[in-house]
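Kindly return the folded structure for what I paste below:
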Amino acid sequence: MSDITDASANGFVREQFSPQRPPPGNTTGPLAWVRANLFSTPGNAIMTILGILLVLWIVPQIYNFMIGHAVFNGTVDDCRVADVGACWIYIQSRFSFFIYGFYPPAEYWRVNTVFVLLALLLLPLLVPRAPFKRINALLFFVVFPIVAFNLLHGGVFGLSVVPTESWGGLMVTLIIALVGIICSLPLGIVLALGRRSKLPIIKTLCVCFIELWRAVPLITVLFMASVMLPLFMPQGMTVDKLLRALVGVTLFTAAYLAEVVRGGLAAIPRGQFEAASSLGLSYWKSMMFIVLPQALKHSIPGIVNNFISLFKDTSLVSIVGIFDLLNTVQSASSDANWATPTRAVTGYVFAGMIFWIFCFSMSRYSQWMERRLHTGHKR
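Now for the predicted structure:
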């Protein structure tokens, strides 16, 4: 540009090439990303170096405990030597207890059958393109709970009765999480719609319910369900301990989900409601076919976040005497035959890995659903 200006001002055109300049640095590729994100400023460079040093210090420690110095084969005496890592043979010996609790070993096939049915019915529901969605949903939400309860509890078709006091381990954790997730979502949607209702009685009842359950911690809810609820029952009538925990967890989670769904409803433009009214749709039709699908799409992160919290909070049922996964790990650590330096840590690491697998899977699936449903709103 300067050459053209000089030419027009002085009446001549440059006859020689300009001196060559060095090429610009790379703006793409791994090295460019490292320079731009890790060493862009002196402060970032210092933090990067400190982070690398921290990783170099932590990773070998974790590797030595989990793999390098861990005991995968042998006897309990191999876990009692100095500087020993994780005692995985302890997990192998107590694995059945961690999964089934006190369930009779001869009846493990019933629990395994429920696990297989759960996987066969749940996985097609999570795949949008899977066929026969209505039949699959009917089998999962109506037929499967009945079949699963009869298999686990027994008392029908010649199956021996196994009371819920004998249930435990990962089986109970999954039962509480699944029942809480499946039952709390529709209840939370109804509460959210009720809180936005123009009818004073319905709105007041929903507001009182939501605020009451959100004002107390889950541990208090479980204590009330376990200790106080039997006091209000008729004399001689009892409620199963696991059922009390299921009701408490479901109602507690529904109150939080109601606020998440209400936030999604508030994010819907007013024009969507007016468009539904202009088509002559009733309130429930406009909600079912126009408003709620959009609101739930906006609420996916918050809904899944509550599901993940619910799955982790299942460990709190141990305080009311229910042997979930964490409680079985704690109970097994009192076995004197496995008194080793790393027994307790190994058990908690195993439980943590199980929780991480399920929570991380829910998180990744929700992100995939967000990308799939995120149509026409990208900026």
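
going forward, measure contacts and count neighbours with C-alpha atoms only.
Will do.

can you give me the strands for the protein?
Ranges of strands within the chain: none, based on DSSP state E.

check contacts around residue 302.
By Cα atoms under 8 Å, 6 or more residues apart in numbering, the residues touching residue 302 are 257, 260.

nearest spatial neighbour of the spatially most central residue of the chain, skipping sequence neighbours?
Centroid-nearest residue in the chain: residue 308, 2.6 Å away (criterion: Cα atoms, centre = their mean). Residue nearest to residue 308 in three dimensions, not counting chain neighbours: residue 359, with 5.6 Å by Cα to Cα, 6 or more residues apart in numbering.

what's around the one you found, how many residues?
Residue 359 is flanked by 20 other residues according to other Cα atoms under 10 Å.

per-residue pLDDT, it?
With respect to pLDDT, residue 359 scores 93.

rewinding a little: quick check, the residue nearest to the centre of the chain in contact with residue 365.
No - between residue 308 and residue 365 there is no contact under Cα atoms under 8 Å: 11.9 Å.

Can you show me the helices along the stretch 151-300 of the chain?
Ranges of helices in the stretch 151-300 of the chain, per DSSP state H, counting those that start in this stretch, are 170-195, 200-214, 218-223, 241-266, 270-278, 283-286, 292-298, 300-313.

Okay, residue 326 and residue 318: tell me how far apart.
From residue 326 across to residue 318, the span is 8 Å (Cα to Cα, to the nearest Å).

Correction: the previous question concerned residue 103.
For residue 103, the distance to residue 318 - Cα to Cα - is 17 Å.

So which of these two has more stuff around it?
Neighbours were counted for residue 103 and for residue 318 using other Cα under 10 Å; residue 103 has more, 22 against 16.

isn't that one right up against residue 162?
Yes - counting by Cα under 8 Å, residue 162 is a contact partner of residue 103 at 7.3 Å.

Any stretches of the stretch 251-379 of the chain with poor pLDDT?
For the stretch 251-379 of the chain, applying pLDDT under 70 flags the ranges 375-379.

Same question for the stretch 1-150 of the chain.
1-12, 23-28.

which phi and psi does residue 17 have?
When read as degrees, to the nearest 10, the backbone of residue 17 gives phi -70, psi 150.

Check residue 104 too.
According to degrees, to the nearest 10, residue 104 has phi -60, psi 130.

any idea how far residue 303 is from residue 208?
Distance from residue 208 to residue 303, by Cα to Cα: 21 Å.

Tell me which of these two has more neighbours.
Taking other Cα under 10 Å, residue 208 and residue 303 do not tie; residue 303 has more neighbours (22 against 12).

show me the contacts for that one.
Going by Cα under 8 Å, 6+ apart, residue 303 touches 257, 260, 261.

With residue 75 instead?
residue 89.

Distance check, it against residue 88.
Residue 75 is 11 Å from residue 88, by Cα to Cα.

Could you do residue 288 as well?
Counting by Cα to Cα, the gap from residue 288 to residue 88 is 51 Å.

Compare neighbour counts for those two and give me the winner.
Neighbour count, other Cα under 10 Å: between residue 288 and residue 88, residue 88 has more, with 22 against 12.

what's the nearest residue to that one if we skip its chain neighbours?
Nearest to residue 88 is residue 72, by Cα to Cα, 6+ apart, at 5.3 Å.
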